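Peer 1: Compute the structure for the input listed below.
(one chain, ligands or ions: 1)
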Amino acid sequence: MPRDLIVGTAGHIDHGKTALIRALTGVDCDRLPEEKARGITIDLGFARLDFPDVHLGIVDVPGHERFLRNMLAGATGIDLALLVVAADDGVMPQTREHLEILRLLALRAGIIVFTKCDLASATRRVELHSQIRQLVQGTFLESAPRIETSATTGEGIDILRNTIHDIAKTVPDPEDAGWFHLPIDRAFLVPGHGTVVTGSVRSGRVAVGEELERFPGGDRIRVRGLQHHDHPIASANRGQRAALNLAQVPLESVHRGQELATPGIFKPSRWLTLPLHTLPSVRKPLRHGLPVRVHLGTVEQMGRLFLLESDELPAGESQWTQLILDEAVVATWGRPVILRDSSAEHTLGGGTVTAPTTQRLKRRDSTILRRLTNWCTGDAMTRLAEAAWFAGVEGIDRGDCVREVGIPIREIDATYSEAIASGTCLEWIIGKSTRLFHAEWIAERESQFLARLDTLHQQSPMLSWHRLVEVWEPIRHRYTDEFCQALVGHLCDTKRIEVDQHRIRIAGFQPRLSPNLAKLKQRIVHEFRAARFQPPEPSRFIAESKGLAVHLPELFERCITEGELVRLSDGLYLASESERELRQRVTKLLATGPQTVAQIRDCLGTTRKYAVPFCEYLDRIGVTRREGDLRYLGESVERSEE
Ligand SMILES: Nc1nc2c(ncn2[C@@H]2O[C@H](COP(=O)(O)OP(=O)(O)OP(=O)(O)O)[C@@H](O)[C@H]2O)c(=O)[nH]1
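Peer 2: Residues are numbered from 1 along each chain as shown. Predicted coordinates for the structure are as follows:
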């Protein structure tokens, strides 16, 4: 199977790009009547150049500075550039600008083509080589082949054709992202067929009959037919020029700048975050808030610059930047963006998108800047983790990974699992969907939550529990209820909190007593000890505890958990020593034979009021056993004696 690649021209107006493509392929790319009349290229032109092992789609771009937006739309999808320089003119403004744009588009392969060499003497040609050597120094074209040609005499055309073939063979196979993406660069009507759009396929594959998503808008459209350089094809793949016949789509609704993609990958956003590099030719520093013209794929959109590191970005420097666009666009990690000034006179700079959907970020925040750098330069797992960190409470899912991490679909599962296995990310079920969160981001939320709970414990040290809503209230506006539930569940699973229905507390929390409460507790215990088998009623302490009465139930609970009191029944307590003595005395008495409640009462030196519930308590715990009016030794005692 031959490979498919896209070749694009670049260079100053009238430097012979269109004539060169005609000489190479026989195709005249200037198809508009106005282009023919004025002798200049206005819009993109297309041709093909096929070799047995590689098929090249050629995009011819205009050189005129006024049509730079069209040049950008064409240059966005190319794999190999032909930088065209007319031998008589030499390096001119758009030679420089187009080269800068190719660099910003992160192009790696290209050829320098000197045209109109029939007009240049041998000395001029030498000069030209030295001029271009200086221009391309330090760029991807530094060691590119330089071919002297003339479309008029045919000089060098065959050599150029062979060189294109050789270089095309060296262009590494672009990674197959596994999903279809085509930025639309043309739309027209074909009588009898309807609307047709064309573009360079940036990734993946589409077949006739498949459904795609169209952006902006996100509506679904069906591909009724496909063509490749005027020939019907069943499917179109990366690196091909493709024409798609769209079913039931009126021409008026389609235009350059729209994008077609496999459904579910893109998410429109008005925010793009990227490290922005300014061109050395920029005349004055770019200011924070500057209105700019943003080119992304074939899209051109007005927006503003938000500098994240300082208030100005001088020429030839880089800085983390957010672009806020007037209307939402679609991007993925690694997609190139070019910025021009608002009046479209100068290219200012560009970069590749790191965060395609992250909303406004805090400026001058070292954590954010460090994490953005990780997201930009890290391996797939690091990028995924950072995307999850920036997604915060939203988390990310597998679909988001394609867009935010820039990895092929087939690698998602492995990267996703690695992030979980390494402990970098946590996978939680939120409502009905499974989302991935950054473990550190979650840890920060957990600390906030625990700190809040701790504050409540400190404010009410006697209270063992707090209502969940009370803990959650101050921060709930930032998180969904489903997220709150997942967070509490995780804190509980990891044994950092205890949950009792809608009440929570820090695991192992023991209420602390204020001095007044400690005194009250001491008095209670003292009185129970002194009263022995005629214990006071708890309600007795209400009057004397004044404002502390509300804490009495908890105070009694605490006396029990600390082993000072034993609860015999509702409202009836004994000091622990008395309860032990009760069991011993009654056991001893019953060892002599069965006894009535009255006999037990006398043995304990108490009243009937207490003797009856004491006996019932002893029955319950198996110390005694009732038969009619008599009490016998219970099972637990008999067992312990066996
Ligand atoms: N003598 C000579 N003239 C040439 C050659 N190639 C192109 N020309 C002439 O140069 C002029 C511009 O050529 P084009 O091919 O339209 O230039 P272009 O770079 O495509 O122009 P734009 O796309 O408008 O920027 C035309 O009049 C061509 O006939 C060449 O090799 N020798």
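Peer 1: Could you use CA atoms for every contact and neighbour count after this?
Peer 2: Noted.
Peer 1: what residues does the host helix or strand of residue 221 touch?
Peer 2: Secondary structure assignment for residue 221, by DSSP states H and E: strand 219-228. With contacts defined as CA atoms under 8 Å, 6 or more residues apart in numbering, strand 219-228 is touched by 207-214, 232-236, 240-249, 263.
Peer 1: Quick check: neighbours of it in the sheet, parallel or antiparallel?
Peer 2: strand 211-215 (antiparallel), strand 231-232 (antiparallel), strand 241-246 (antiparallel) (DSSP bridges).
Peer 1: who touches residue 43 in this structure?
Peer 2: Contact analysis of residue 43 by CA under 8 Å, 6+ apart lists 61, 62, 67, 70, 71.
Peer 1: Could you check the pLDDT of residue 642?
Peer 2: pLDDT recorded at residue 642 is 50.
Peer 1: burial measure for the closest residue to the ligand within the stretch 301-450 of the chain, as a count.
Peer 2: The ligand sits closest to residue 345 of the stretch 301-450 of the chain, with a gap of 16.4 Å, by CA to the nearest ligand atom. Residue 345: 11 surrounding residues under other CA atoms under 10 Å.
Peer 1: What mean pLDDT does the helix or strand containing residue 524 get?
Peer 2: Applying DSSP H and E as the criterion places residue 524 in helix 515-531. The predicted model gives helix 515-531 an average pLDDT of 93.
Peer 1: With stretch 124-135 instead?
Peer 2: 96.
Peer 1: cool, and stretch 59-72?
Peer 2: 80.
Peer 1: buried stuff in it?
Peer 2: Neighbour-count burial for stretch 59-72 flags 59-65, 67-72 (criterion: 16 or more other CA atoms under 10 Å).
Peer 1: what residues does the protein put near the ligand?
Peer 2: Selection of the chain residues close to the ligand by CA under 6 Å from any ligand atom yields 12-19, 39-41, 62-64, 115-116, 118-119, 150-152.
Peer 1: Now which of those residues would you call buried?
Peer 2: Counted by 16+ other CA under 10 Å, the residues of the chain next to the ligand give 12-19, 40-41, 62-64, 115-116, 118, 150-151 as buried.
Peer 1: Residue 314 - nearest residue in space that isn't next to it in sequence?
Peer 2: residue 285 (3.9 Å; CA to CA, 6 or more residues apart in numbering).
Peer 1: check contacts around that neighbour.
Peer 2: By CA under 8 Å, 6+ apart, the neighbours of residue 285 are 312, 313, 314, 315.
Peer 1: could you dump those residues to TSV with neighbour count?
Peer 2: Formatted as TSV, those follow (neighbours: other CA atoms under 10 Å):
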residue	neighbour count
312	17
313	21
314	17
315	18
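Peer 1: quick one: which of the residues you listed sit in strands?
Peer 2: 312, 313 (DSSP state E).
Peer 1: Tabulate the contacts of residue 285 (a markdown table), appending pLDDT.
Peer 2: Shown next, in a markdown table, are these (pLDDT from 0 to 100):
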| residue | pLDDT |
| --- | --- |
| 312 | 97 |
| 313 | 97 |
| 314 | 97 |
| 315 | 95 |
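Peer 1: Would you check which pair of the buried residues of stretch 59-72 lies furthest apart?
Peer 2: The largest distance within the buried residues of stretch 59-72, taken as CA to CA, falls between 59 and 65 and amounts to 17.3 Å.
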